[in-house]
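Q: this one's structure only:
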């Protein structure tokens, strides 16, 4: 990886202060359950006083092809995507979910995704653009371990002496017009050696915490086990002196369980509404209510 790439060095932010981290493992998830889980993790982290500088991370794949929408995407985007994927939707081949984070729609099919959650003031003091750069560095190191050299769009522009582009994570006009994340790019998206976008991410901030969600597409797919191993190693290397919290301390915590149970209902209902909104001719019937046990 070129040494002038901002995604080349692991972030220094994790080398300062008393941190605690937890790697939450990897698994295959229904989309709406995965989004509920991340949302609950964020609110659980925001409540923590025992670990005031906490970083959590996990990796996951999608159980079936799923369209995930950014939390603020309008109805017109839903309609455009419904028209684009009408045949697959009519055959019941696609699921829908809304993410808690922003950004544009992604068709998850053969990709690997990750989430990072933090309540640390050192993270929250960063601008959105700078916090994206921190997480891109971790992600780029994981990809490098898999033999994939990735650079941010802004790093490629800098190395090619391209005209100055909008700073940070500010989206382009094309981005604002497209309903699909991978049809365009921002300055902090990761690109492969050919300039192809292979990763996009989005962030949610609430008072006292942030959630970064990202997904990676590689030609031929990306094995979840290999990606999870590489990402967990890069994540822990970014916080080399942190206290390591066992996963069970969080996932078996009664407060987290309660938060997750509440979010499951919310995200299941959102997913069901997306499936039945303006179904059109041959659209899917209203699904039965879903509420799986945790």
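A: Structure received. Bear in mind that the values here come from a model prediction, so they are computed numbers and not experimental data.
Q: tell me which residues in stretch 62-80 are buried?
A: Residues of stretch 62-80 classed as buried: 62, 66-70, 73, 77-78, 80 (neighbour count, 16 or more other Cβ atoms under 10 Å). Placement of C-beta: from N, CA and C, glycine included.
Q: can you tell me what sits against it?
A: 28-31, 34-35, 81, 85, 88, 93-109, 111, 113, 179, 181, 202, 204, 274, 277-278 (Cβ atoms under 8 Å, 6 or more residues apart in numbering).
Q: quick check: end-to-end length of it?
A: End-to-end distance of stretch 62-80 (Cα to Cα, to the nearest Å): 23 Å.
Q: and stretch 247-263, by the same measure?
A: First-to-last residue span, stretch 247-263, Cα to Cα: 20 Å.
Q: likewise for stretch 120-131?
A: 12 Å.
Q: just stretch 42-60 next, same as before
A: 17 Å.
Q: average pLDDT for it?
A: Mean pLDDT, computed over stretch 42-60, is 96.
Q: buried sites along the host helix or strand of residue 261?
A: Here residue 261, judged by DSSP states H and E, is contained in helix 254-276. Using 16+ other Cβ under 10 Å as the test for burial, helix 254-276 gives 256, 259-260, 263-264, 266-268, 270-272, 274-275.
Q: from the chain's centre, how far out does it sit?
A: Put simply, helix 254-276 sits 18 Å off its chain's centre (Cα atoms, centre = their mean, to the nearest Å).
Q: what is that helix packed up against?
A: For helix 254-276, the elements it packs on are helix 31-46, strand 95-98, judged by 3 or more Cβ pairs under 8 Å, 6 or more residues apart in numbering; DSSP states H and E.
Q: any chance of these in JSON lines, with mean neighbour count and distance to residue 124 too?
A: Output for these, formatted as JSON lines (neighbours: other Cβ atoms under 10 Å; distance: least, Cβ to Cβ, whole Å):
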{"stretch": "helix 31-46", "mean neighbour count": "24", "distance to residue 124": "10"}
{"stretch": "strand 95-98", "mean neighbour count": "23", "distance to residue 124": "24"}
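Q: mind putting the ones you listed in TSV, distance to residue 209 included?
A: TSV is the format used below for the helices and strands packed on helix 254-276 (distance: least, Cβ to Cβ, whole Å):
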stretch	distance to residue 209
helix 31-46	4
strand 95-98	19
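Q: among those, which is nearest residue 22?
A: helix 31-46 (9.6 Å; Cβ to Cβ).
Q: following the chain onward from that closest one, which element is next?
A: According to DSSP H and E, the helix or strand after helix 31-46 is strand 54-62.
Q: taking their axis directions, that following strand and helix 31-46 sit at what angle?
A: 180 degrees (axes from the mean of the first three to the mean of the last three Cα atoms, to 10 degrees).
Q: which parts of the stretch 151-294 of the chain are helices?
A: For the stretch 151-294 of the chain, applying DSSP state H, counting those that start in this stretch gives helices covering 153-159, 173-177, 224-238, 247-251, 254-276.
Q: among those helices, which comes closest to residue 22?
A: Among the helices of the stretch 151-294 of the chain, helix 247-251 sits nearest to residue 22 (Cβ to Cβ), with 5.9 Å.
Q: packing partners for that closest one?
A: Against helix 247-251 (3+ Cβ pairs under 8 Å, 6+ apart) you get strand 20-29.
Q: show me how far the strand it packs on is from its chain's centre.
A: 13 Å.
Q: can you check stretch 111-124 too?
A: The answer for stretch 111-124 is 9 Å, by Cα atoms, centre = their mean.
Q: any buried residues in it, and which?
A: For stretch 111-124, using 16+ other Cβ under 10 Å, the buried residues are 111-120, 122-123.
Q: and the two most separated of these?
A: Checking those with Cβ to Cβ, the most distant pair is 111 and 122, at 29.6 Å.
Q: which residues touch residue 145?
A: Contacts of residue 145 (Cβ under 8 Å, 6+ apart): 230, 233-234.
Q: oh, that last question was meant for residue 57, not what I typed.
A: Contacts of residue 57 (Cβ under 8 Å, 6+ apart): 21-24, 114-117, 231-232, 235.
Q: and what of residue 202?
A: 70, 99, 101-103, 212-214.
Q: which pLDDT does the model give it?
A: Looking at residue 202, the pLDDT reads 95.
Q: could you measure from it over to residue 96?
A: Going from residue 202 to residue 96 by Cβ to Cβ, to the nearest Å gives 17 Å.
Q: cool, residue 102 as well?
A: From residue 102 to residue 96 the distance is 17 Å (Cβ to Cβ).
Q: cool, and residue 69?
A: Taking Cβ to Cβ, one finds residue 69 at 7 Å from residue 96.
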